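Sharing a sequence plus its predicted fold:
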Amino acid sequence: MLKHCVFLNLKSSAEMAAVREALMLLSGLVGEVAGMIDFVEGPNRDFEQRSEGYGHGFIVTFADRPAHLAYEAHPDHVRAGAMLVEACREGVEGIFVADLEVA
(Lines give C-alpha, C1' and ligand atoms only; values in the text may rest on other atoms or scores of the structure.)
Protein backbone atom coordinates (compact mmCIF):
# COMPACT_ATOMS: atom_id res chain seq x y z
CA MET A 1 0.00 0.00 0.00
CA LEU A 2 1.24 3.52 -0.78
CA LYS A 3 0.55 6.82 0.99
CA HIS A 4 1.15 9.67 -1.47
CA CYS A 5 1.72 12.74 0.76
CA VAL A 6 1.77 16.18 -0.86
CA PHE A 7 2.37 19.55 0.84
CA LEU A 8 1.92 22.93 -0.80
CA ASN A 9 3.82 26.19 -0.30
CA LEU A 10 1.31 28.64 -1.79
CA LYS A 11 2.19 32.01 -3.29
CA SER A 12 -0.52 33.61 -1.14
CA SER A 13 -3.75 32.78 0.67
CA ALA A 14 -5.58 34.04 -2.42
CA GLU A 15 -4.41 30.89 -4.23
CA MET A 16 -6.72 28.69 -2.10
CA ALA A 17 -9.57 29.05 -4.64
CA ALA A 18 -7.45 27.39 -7.32
CA VAL A 19 -6.22 24.81 -4.81
CA ARG A 20 -9.81 23.95 -3.81
CA GLU A 21 -10.71 23.36 -7.46
CA ALA A 22 -7.66 21.14 -7.95
CA LEU A 23 -8.42 19.17 -4.79
CA MET A 24 -12.00 18.58 -5.94
CA LEU A 25 -10.66 17.14 -9.20
CA LEU A 26 -8.29 14.84 -7.31
CA SER A 27 -10.81 13.68 -4.73
CA GLY A 28 -13.19 12.85 -7.59
CA LEU A 29 -10.76 10.18 -8.73
CA VAL A 30 -11.57 7.95 -5.74
CA GLY A 31 -13.75 5.23 -7.22
CA GLU A 32 -12.70 6.17 -10.76
CA VAL A 33 -9.03 5.13 -10.60
CA ALA A 34 -8.78 1.44 -9.74
CA GLY A 35 -6.76 0.98 -6.56
CA MET A 36 -7.13 4.58 -5.35
CA ILE A 37 -8.48 3.92 -1.87
CA ASP A 38 -8.95 7.35 -0.33
CA PHE A 39 -8.12 11.04 -0.48
CA VAL A 40 -7.89 13.43 2.48
CA GLU A 41 -6.76 17.05 2.61
CA GLY A 42 -6.45 19.85 5.10
CA PRO A 43 -4.40 22.64 6.60
CA ASN A 44 -0.94 21.81 7.92
CA ARG A 45 -0.95 22.85 11.60
CA ASP A 46 2.87 22.40 11.78
CA PHE A 47 2.80 21.74 15.54
CA GLU A 48 6.50 20.82 15.53
CA GLN A 49 7.43 23.90 13.47
CA ARG A 50 9.33 21.89 10.87
CA SER A 51 7.36 22.62 7.70
CA GLU A 52 7.00 26.40 7.62
CA GLY A 53 5.40 27.68 4.46
CA TYR A 54 3.73 24.39 3.56
CA GLY A 55 0.31 25.47 4.76
CA HIS A 56 -1.90 22.87 3.10
CA GLY A 57 -1.60 19.27 2.03
CA PHE A 58 -3.27 16.08 1.00
CA ILE A 59 -2.71 12.35 1.27
CA VAL A 60 -3.88 9.73 -1.21
CA THR A 61 -3.86 6.03 -0.37
CA PHE A 62 -3.20 3.57 -3.20
CA ALA A 63 -3.36 -0.20 -3.16
CA ASP A 64 -0.08 -0.41 -5.07
CA ARG A 65 2.29 1.34 -7.47
CA PRO A 66 0.25 0.49 -10.60
CA ALA A 67 -2.73 2.34 -9.06
CA HIS A 68 -0.47 5.31 -8.36
CA LEU A 69 0.74 5.28 -11.97
CA ALA A 70 -2.85 5.20 -13.24
CA TYR A 71 -3.63 8.23 -11.04
CA GLU A 72 -0.58 10.09 -12.36
CA ALA A 73 -1.64 9.52 -15.95
CA HIS A 74 -5.31 10.44 -15.45
CA PRO A 75 -6.26 13.69 -17.26
CA ASP A 76 -7.88 15.14 -14.10
CA HIS A 77 -4.64 14.59 -12.19
CA VAL A 78 -2.63 16.23 -14.96
CA ARG A 79 -5.01 19.22 -14.95
CA ALA A 80 -5.05 19.49 -11.14
CA GLY A 81 -1.27 19.18 -11.00
CA ALA A 82 -0.86 22.11 -13.37
CA MET A 83 -3.22 24.18 -11.22
CA LEU A 84 -1.23 23.35 -8.08
CA VAL A 85 2.09 24.18 -9.74
CA GLU A 86 0.65 27.56 -10.77
CA ALA A 87 -0.60 28.25 -7.23
CA CYS A 88 2.66 27.38 -5.47
CA ARG A 89 5.66 29.53 -4.72
CA GLU A 90 8.40 28.75 -7.26
CA GLY A 91 6.05 26.43 -9.15
CA VAL A 92 6.90 22.77 -8.79
CA GLU A 93 9.61 23.66 -6.24
CA GLY A 94 6.82 24.77 -3.90
CA ILE A 95 5.40 21.25 -3.76
CA PHE A 96 6.84 18.64 -1.40
CA VAL A 97 5.94 15.01 -2.16
CA ALA A 98 6.68 11.88 -0.13
CA ASP A 99 5.51 8.41 -1.16
CA LEU A 100 5.45 6.04 1.79
CA GLU A 101 5.19 2.30 1.34
CA VAL A 102 3.19 0.99 4.28
CA ALA A 103 1.89 -2.39 5.39
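Sure, I can see it.

State the distance spanning the first to the last residue of stretch 43-56.
4 Å (C-alpha to C-alpha, to the nearest Å).

Give the buried residues for it.
54-56 (16 or more other C-beta atoms under 10 Å). Backbone N, C-alpha and C define where each C-beta goes, glycine included.

Would you format the residues you listed as a markdown table with pLDDT, secondary structure and distance to Ser27 included?
Listed next are these as a markdown table, based on pLDDT from 0 to 100; DSSP: H, G, I helix; E, B strand; the rest coil; distance: C-beta to C-beta, whole Å:
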| residue | pLDDT | secondary structure | distance to Ser27 |
| --- | --- | --- | --- |
| Tyr54 | 97 | coil | 19 |
| Gly55 | 96 | coil | 19 |
| His56 | 97 | strand | 14 |
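
Of these, just say which sits nearest to Ala63.
His56 (25.4 Å; C-beta to C-beta).
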